[in-house]
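1. following is a predicted model, sequence given first.
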Amino acid sequence: MQSWDMKIYVTEFLEIASGENSAKYIPELPGLDTFNEEIIHSNEYKSGAKYENKEVLVVGCGNSGMEISYDFSTFRTQTSIVIRNPVVPGISSINGKRVFFEDGAEREFDAIVFATGYRSIANNWLKDYKHVLNENGFPKNDFPRHWKGEKNLYCCGLSRRGLLGVSMDAMAIADDIKRVIREKMEK
């Protein structure tokens, strides 16, 4: 039997700064569980060499999806890309190696790479997340005061505004904490 030591920390202020990209996101697609070939998320991708001369579907066209697709071209991989766009069809379902698209087309693939981004999971591990986050792990308050929650709980870097947003959040939080401390000292 293993014994666990528990440490309890007490603080007046708590800042969530875990980032918005905590856990890989793979969308639920009808029949995905029947695809017995390789399925990976872009964060697991290393090289296109193992996909040489194969048919690969890349789902997502952000930086990762496009860089992976470009890498595939150097290994003669037959690449198809699903883009969130009304012109390009999305996936309607999967049955084994066969992928069915919303426009009625269908193709067989040897692998699927999901370049579908990440999700915040702070709301999964923070017990009282509702004081500052919504059910999706992002700020419950709207910009520009998204960083401030109730009961001196703050979130930094969850505004989907890149490094500039992280910097702006950090400065606003520091100023607010300084204000709260100064007001307590004046009493």
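-> Sure, I can see it. Residues are numbered from 1 along each chain as shown.

2. from here on, contacts and neighbour counts on C-alpha atoms
-> Noted.

3. model confidence for Pro86, exactly?
-> Model confidence at Pro86, expressed as pLDDT, equals 64.

4. and the residue nearest to Tyr118 when sequence neighbours are not counted, what does it touch?
-> Among residues not flanking Tyr118 along the chain, Lys24 sits closest, at 4.3 Å (C-alpha to C-alpha, 6 or more residues apart in numbering). Applying C-alpha atoms under 8 Å, 6 or more residues apart in numbering, we find Lys24 in contact with 41, 43, 116-119.

5. ok, Tyr154 next?
-> Contacts of Tyr154 by C-alpha under 8 Å, 6+ apart are 13-16, 132, 147-148, 173.

6. name the element Val99 belongs to?
-> strand 98-101 (DSSP states H and E).

7. among the contacts of Lys24, which one sits closest to Cys61?
-> The closest of the contacts of Lys24 to Cys61 turns out to be Thr116 (C-alpha to C-alpha; 8.2 Å).

8. what about that closest one, which SS state?
-> For Thr116, the assignment made with DSSP: H, G, I helix; E, B strand; the rest coil gives coil.

9. what's the burial count for it?
-> 19 (other C-alpha atoms under 10 Å).

10. likewise Cys155?
-> So Cys155, with other C-alpha under 10 Å, has 25 neighbours.

11. my guess is it contacts Lys130. True?
-> No. Assessed by C-alpha atoms under 8 Å, Cys155 is found out of contact with Lys130, at 11.7 Å.

12. just to revisit the earlier point, the strand holding Val99 pairs with which strands?
-> Paired strands of strand 98-101, with direction, are strand 91-95 (antiparallel), strand 106-108 (antiparallel) (DSSP bridges).
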